[in-house]
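**Student:** Test case, fold it:
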Amino acid sequence: MLYKRMIAAVMVSVVLMPSLASAEGLLGGVLGGGSGGSGGSSLLGVVGGSDSGALVTLGSGNAGTSGLVNLGVGGTNGLVTANVGANDPVIGAQVLGPKGIVDVDLNLGDVGANVNVGGPNLIDIDLNLPKGGNGGNGGNGNGNNGANGGNGQVIVRNGVTMGNSAMSAACAGYNTNQLVALFNQSTTRGWDRVTGIQLVPIKVCADLRRQMANWLASSGDYHNLVGAVSQDPLINAALSRSQYQAGHVLGVHKQGSTLMVYVF
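**Tutor:** The predicted structure is shown next:
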């Protein structure tokens with residue numbers, strides 16, 4: 001049921017976003033910010049261009065990040081792109097972009113999700129839910145201790161759910177769910193604004209490395225990440241001073257002005 005609701009929400013976004021995009025040219029003329037209204041002016045501080053800091057921003061190119069709701073038309077990330085939340089968007093959406101027909105990211109801290117339609121697979125759904133707590137002790141009797149809660153990682157590829165049974169390899173300190181979660185939290189936004197790179201090596205056993213490599217090989221998002229890494233001069237400079245290459249990168253997280261690059 002949750003999957004159906006998420007897919008339905010994506011379908012609604014496909015219908016609504018182009019309709020909203022049609023308003024972009026009209027507002028561009030009203031705001032006086034040139035084509036697309038991407039200048040710094042705004043209409044009563046509510047609707048403005050991409051860099052205006054208005055509550056709602058509209059502009060040509062990729063969606064901005066200065067407003068609460070940001071919409072872009074005709075950018076490199078998609079025909080229509082949208083961000084909800086300033087600076088670090090809570091929701092990011094791309095329609096008819098390099099990732100597929102529709103790609104939607106949700107980031108609520110401990111809860112995250114990605115829904116992709118028409119990408120490398122027909123439908124991809126990745127959910128990251130909070131970890132469950134430890135089970136309680138069985139008391140002074142002969143009761144057993146409760147089991148630890150799972151980490152809520154759910155992966156669906158073309159309607160097939162990949163859970164712990166499909167990804168069960170583990171070695172000291174790590175398991176596949178942890179590594180998949182680290183990859184899913186990666187971002188390619190804001191790389192041009194960082195001033196430092198920190199490589200974070202992850203030591204895993206051969207079985208886990210092999211299983212992760214097979215899983216990543218089937219992920220279009222992973223190939224996009226490796227492609228972005230290969231083209232980034234700062235990351236490549238850091239990798240050149242190590243034993244790692246772009247294909248060894250598992251995830252990239254932005255922390256302030258530093259990119260944390262996880263390699264394995």
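
**Student:** Sketch out the helices for this protein, chain order is fine.
**Tutor:** Assigned by DSSP state H, the chain shows helices spanning 2-31, 176-184, 206-217, 220-231, 233-240.

**Student:** Stretch 101-115: which residues count as buried?
**Tutor:** Ile101, Val102, Asp103, Val104, Asp105, Leu106, Asn107, Gly112, Ala113, Asn114, Val115 (16 or more other Cβ atoms under 10 Å). Quick note: C-beta positions are derived from backbone N, CA and C, even for glycine.

**Student:** when you check these against the strands, which ones overlap?
**Tutor:** Ile101, Val102, Asp103, Val104, Asp105, Leu106, Asn107, Gly112, Ala113, Asn114, Val115 (DSSP state E).

**Student:** would JSON lines of these with pLDDT be doable?
**Tutor:** Formatted as JSON lines, those follow (pLDDT from 0 to 100):
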{"residue": "Ile101", "pLDDT": "89"}
{"residue": "Val102", "pLDDT": "91"}
{"residue": "Asp103", "pLDDT": "89"}
{"residue": "Val104", "pLDDT": "90"}
{"residue": "Asp105", "pLDDT": "86"}
{"residue": "Leu106", "pLDDT": "84"}
{"residue": "Asn107", "pLDDT": "81"}
{"residue": "Gly112", "pLDDT": "77"}
{"residue": "Ala113", "pLDDT": "82"}
{"residue": "Asn114", "pLDDT": "82"}
{"residue": "Val115", "pLDDT": "87"}
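
**Student:** Tell me, how many residues neighbour the closest residue to Ala238 other than its chain neighbours?
**Tutor:** Spatially, and ignoring its direct neighbours in sequence, Ala238 is nearest to Ile197 (4.1 Å; Cβ to Cβ, 6 or more residues apart in numbering). Around Ile197 there are 19 other residues, counting by other Cβ atoms under 10 Å.

**Student:** Could you pull up the contacting residues of Ile197?
**Tutor:** Leu234, Ile235, Ala237, Ala238, Thr258, Leu259, Val261 (Cβ atoms under 8 Å, 6 or more residues apart in numbering).
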